[in-house]
Structures are given as structure tokens and as C-alpha cells.
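A.B. asks: what follows is a predicted protein model with its sequence.
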Amino acid sequence: MAWTKWVFGGLGWAMGGPVGGIIGFAMGAALDSSSGKKTTQLAATQPGDFAASLLVLCAAVMKSDNKILRSELDFVKRFFVSQFGEQKASELILVLRDIIKQDIPVQDVSMQIKMHLDEPSRLQLLHLLFGIANADGEVHPAEVEIICNIAHWMGVSSRDFDSIKGMFVKNTTSIYKVLEVDPSATNDEVKKAYRSMAAKHHPDKVHHLGPDYQKAAQEKIQAINAAYEQVRKERNM
């Protein structure tokens, strides 16, 4: 199948670790019923690593509340359609369905990702996982818990996790969490935090992953800007 060459050509490090083991098992299951049709390879190593990580971790998040929703599958498919096209996305969703059937060693997978993906890519991965969790319009507590664990095992700081979570789980302090400051922060501290967050999550940080990942990063920047503007209005800054 088309995704076979994509996986073998694009994963690199993943083929030797838990991510590769999970993907390989799913590939074997899919190959048993495949037509054997061959097409060309699509992805370079780093985008392949990122996409493989997303497939495995999104399966873990989708399973966390003991129900697999059509809205979640549609979210993942739309993402892969934008990245690889309709046919490849359909094939990757078949792989995802096989991954969902497996017992996923989430901690091992997350720690492998920590070793091989840079910080901007790991932050982007968390953003996408929350997008999947929020696909039905509500982030379930079990989904928050597993994404929190994934963030910890990937080496993401609690402040970065709370910032991304604040973009999807709204409460009275979420705008401050997006900016990684306390509500008691001074105006100067808020301004400094905003500049830091804008630099940390700039789309150029993930340019190596391709334009669609940059688009998702741009959405994150928009959330940061919106939080900052809301704080400014509340404080008359």
C-alpha cells in the first residue's frame, strides 16, 4: 500500500522503538488485507517521525474516555488530508484504526518522542492532541489526564502544558495560563510573558515540519494574541 513506503522511508528512529513497534504491528494487520498496490514515497524523515508520533498518541487520547467518536476520526483525517492528500489520509486512518486496537505503552512512546523530537515539535504535538480531544466540542477529564501525562513524559513543562490546555479548556484564569503568568502578575510581567510566548510558539519554529504544521502553529499564536488582548482590556493597559 502507499503508506507502507511512507512509513519505512519516513520513520527513521521510530522503527527501532515503541512507536515503530506499534506502527509495524498495524502495518502488518493492514497488509494482510491490502491489494499490494504500489505508489511513491511521500514524507521526509522528520515530518514522518512527527506524523507517526501523532498517529500513536492520538489513538491513546481517543481511547482514554472509552469511546471512539466519529468527530475525532474526522479531525485526524482532515489533518492528514491537508498534509498528504485524500488517498494517503484514508490509508493512514486505516492504520490508526489498527493502532486503536492495541495496548499502547503511552509512557514508553512519550519518552521516545522526548528523545527524538525538538521542543517546538513536541509543543505542536500537544496542541494537536488537545484539538482531537476537543473535536466533539468538549474535552473529557480523562483526555486531559492522559495528555497531561504525555506532556510530563515528553519533558514538557507544566507551564507550557497549562498554556496549551488554556486554549481549549476555558475558565476564569485560562487567559493567564495561555500567557504562562499568574493573575497576580504585574502589567510589565504580562507584557514580558506575552513577548516570550510569541517567540516560543512562532510558526517559523516548526517550518521543518511543513506548511500545515505552521498553519496550526499560527492558530496557537492567534490564541496567545487573543489572551493578551483580553488581559489588556481587563487591565486598561
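C.D. replies: Cool, got the structure.
A.B. asks: so where do the helices sit in the protein?
C.D. replies: Secondary structure of the chain by DSSP state H: the helices cover 2-10, 18-31, 45-63, 70-84, 86-100, 106-116, 119-133, 141-153, 158-166, 174-179, 187-200, 211-235.
A.B. asks: kindly reformat the ones you listed as JSON lines containing mean neighbour count and mean pLDDT.
C.D. replies: The way it works is simple: take the backbone N, C-alpha and C, and place the C-beta from them, glycine included. Listed next are the helices of the chain as JSON lines, based on neighbours: other CB atoms under 10 Å; pLDDT from 0 to 100:
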{"stretch": "helix 2-10", "mean neighbour count": "20", "mean pLDDT": "39"}
{"stretch": "helix 18-31", "mean neighbour count": "18", "mean pLDDT": "64"}
{"stretch": "helix 45-63", "mean neighbour count": "23", "mean pLDDT": "74"}
{"stretch": "helix 70-84", "mean neighbour count": "17", "mean pLDDT": "83"}
{"stretch": "helix 86-100", "mean neighbour count": "18", "mean pLDDT": "83"}
{"stretch": "helix 106-116", "mean neighbour count": "19", "mean pLDDT": "87"}
{"stretch": "helix 119-133", "mean neighbour count": "22", "mean pLDDT": "88"}
{"stretch": "helix 141-153", "mean neighbour count": "18", "mean pLDDT": "94"}
{"stretch": "helix 158-166", "mean neighbour count": "20", "mean pLDDT": "88"}
{"stretch": "helix 174-179", "mean neighbour count": "22", "mean pLDDT": "84"}
{"stretch": "helix 187-200", "mean neighbour count": "15", "mean pLDDT": "89"}
{"stretch": "helix 211-235", "mean neighbour count": "16", "mean pLDDT": "81"}
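A.B. asks: how is the protein carved up into domains?
C.D. replies: Domain assignment for the chain by automatic domain parsing gives 1-139, 157-237.
A.B. asks: compare those domains and give me the one nearest Asn149.
C.D. replies: The closest of the domains of the chain to Asn149 is domain 1-139. By CB to CB, the value is 6.8 Å.
A.B. asks: Ala227 against Thr173, yeah?
C.D. replies: No. If you go by CB atoms under 8 Å, Ala227 and Thr173 don't touch, sitting 10.8 Å apart.
A.B. asks: dump the domains of the chain into TSV; add distance to Glu145 as well.
C.D. replies: Shown next, in TSV, are those (distance: least, CB to CB, whole Å):
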stretch	distance to Glu145
domain 1-139	7
domain 157-237	11
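A.B. asks: and of these, who's closest to Cys148?
C.D. replies: domain 157-237 (6.3 Å).
A.B. asks: just give me how far the closest one sits from the chain centre.
C.D. replies: How far domain 157-237 lies from its chain's middle: 17 Å, per CA atoms, centre = their mean, to the nearest Å.
A.B. asks: ends of that domain, how far apart?
C.D. replies: Using CA to CA, to the nearest Å, the end-to-end distance of domain 157-237 comes out at 29 Å.
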